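S.K.: Curious how this folds, go ahead:
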Amino acid sequence: MRFADPWFLVLLALPAALALRLVLRRREPPTERIGFPALAFLASEPTPRRARWRLLPDTLGIAALALLVLALARPQVPHDVREVKSQARNLMLALDISSSMKATDFKPGNRLEVARRVLGDFARQRQGDLLGLVIFAGRSFLQAPLTPDTDLLGEMLGRVDIGQLPDGTAIGTALALALSQLKDLPNRASAIVLITDGANNTGTPTPFVAAEAAHAVGVRIHTIGVSAPDSTGFNDGFVWRQGRTPDRLTSSDERVLRRIAERSGGKYYRATDPEALTRIMEELDPLEREEVRISETRDYRELYAWLLLPGLLLLAAELLLRATRLRTLP
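M.R.: Below you'll find the model as predicted:
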């Protein structure tokens, strides 16, 4: 059962206060009384029936008020409940926004711009899935918690840019944050997709500890390394120091990403251009889905009439008793 307008329940304090006042008043002696010593012999006589029921009108009024307040809150019970089978995935995207993602080896634009576009297209096709977004550089940040609103996630992706977080590559921290969003959900339908162009160099836990944690709860981590073999530089006027090669994935970086993926049951991919990244995301699309049975309530039956009618009857009974059998003088 539920209440359609539960805020009316605060009015139950009124009948509760009246009931408390009635109890306290019954225990207090009259403030003023007239003594008749000559009538002391009547003290041994039984209390008349009418006197024994003198509190009945007040009791009926309090009960009526309580029922009317409950009726105002509109109690309801499910009327049309159907069991729906749903197959959905829970995907957390972890996107690197460190300064190395400025590299222009992914044209048009830089690595981050291409990753945002590809992930945005991927998200918009995930109708019925829950998607979330973690961005990371020297720290990690939950840009969007798990949500079925893929349009909103696309908007959040569009706002991501380099410089939002201190520079660095905290892969382990990002994985731990993404995992915290999935740990209580069905693990067979949950996965993390990590997109980065470098090796972990800051933050805790380490990527391997995060991979062990993912393995423990059964969440897969798919890692994607983005870097062309012949990275050429950066946008925004960044100038390479003499003798320095552009940031790109090394064989040791790839071994780390591969180890993270394999330990958690996922896969490692290398994206060397925008088309390759798109193909990888398409390959990740048929992740195993978990069939979930959901009880969906389509309609509710109103119960307020079952409280309103007794409340009105009790109110009428109170007024009738006060005007007839239990009438009192002012």
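S.K.: Would you mark the buried spots in stretch 154-164?
M.R.: 154, 156-157, 160, 162 (16 or more other Cβ atoms under 10 Å). The way it works is simple: take the backbone N, C-alpha and C, and place the C-beta from them, glycine included.
S.K.: residue ranges with poor pLDDT in the stretch 151-300 of the chain?
M.R.: For the stretch 151-300 of the chain, the stretches flagged by pLDDT under 70 are 230-248, 286-298.
S.K.: now with 80?
M.R.: 186-189, 228-249, 284-300 (pLDDT under 80).
S.K.: can you map out the helices along it?
M.R.: 171-180, 207-217, 251-264, 274-284 (DSSP state H, counting those that start in this stretch).
S.K.: and if you look at the stretch 1-150 of the chain?
M.R.: 13-27, 49-52, 56-72, 111-124, 150-158.
S.K.: which stretch among those comes nearest S100?
M.R.: Relative to S100, the nearest member of those by Cβ to Cβ is helix 111-124, separated by 7.8 Å.
S.K.: Just the buried positions in the closest one, please.
M.R.: Buried, per 16+ other Cβ under 10 Å, within helix 111-124: 111-120, 122-123.
S.K.: any idea how far P57 is from R21?
M.R.: To P57, R21 is 14 Å away according to Cβ to Cβ, to the nearest Å.
S.K.: what does A199 give?
M.R.: In terms of Cβ to Cβ, A199 sits 82 Å off from P57.
S.K.: and of the buried residues of helix 111-124, the nearest to K267?
M.R.: Looking across those and measuring by Cβ to Cβ, the closest to K267 is F122, at 15.8 Å.
S.K.: dump the residue contacts of the closest one.
M.R.: Applying Cβ atoms under 8 Å, 6 or more residues apart in numbering to F122 gives the contacts 281, 285.
S.K.: How much space separates it from T104?
M.R.: For F122 relative to T104 (Cβ to Cβ), the value is 22 Å.
S.K.: so which of the helices of the stretch 151-300 of the chain gets nearest A316?
M.R.: Nearest of these (Cβ to Cβ): helix 171-180, 58.7 Å.
S.K.: before we move on, the earlier item: for the helices of the stretch 1-150 of the chain, which one sits closest to A94?
M.R.: Ranking these by distance to A94, with Cβ to Cβ as the measure, places helix 111-124 first at 10.6 Å.
S.K.: before we move on, back to that, closest one to A71 among the helices of the stretch 151-300 of the chain?
M.R.: Using Cβ to Cβ, those put helix 171-180 closest to A71, at 44.0 Å.
S.K.: centre of the chain versus that closest one, how much separation?
M.R.: Put simply, helix 171-180 sits 19 Å off its chain's centre (Cα atoms, centre = their mean, to the nearest Å).
S.K.: Next: stretch 112-132.
M.R.: Distance of stretch 112-132 from the chain centroid (Cα atoms, centre = their mean) equals 21 Å.
S.K.: Equivalent analysis for stretch 155-173, please.
M.R.: That offset, for stretch 155-173, works out to 23 Å (Cα atoms, centre = their mean).
S.K.: OK, contacts around the residue nearest to R139 when sequence neighbours are not counted?
M.R.: Using Cβ to Cβ, 6 or more residues apart in numbering and skipping residues adjacent in sequence, the residue nearest R139 is L165, 5.1 Å away. With contacts defined as Cβ under 8 Å, 6+ apart, L165 is in contact with 97, 135-141.
S.K.: Select from the residues you listed every entry located in strands.
M.R.: 135-136, 140-141 (DSSP state E).
S.K.: Which one of A199 and P57 is surrounded by more residues?
M.R.: Legend: neighbour count by other Cβ atoms under 10 Å for A199 and P57, higher for P57 (20 against 17).
S.K.: Return the distance of the more buried one relative to L18.
M.R.: In this structure, P57 and L18 are 12 Å apart, going by Cβ to Cβ.
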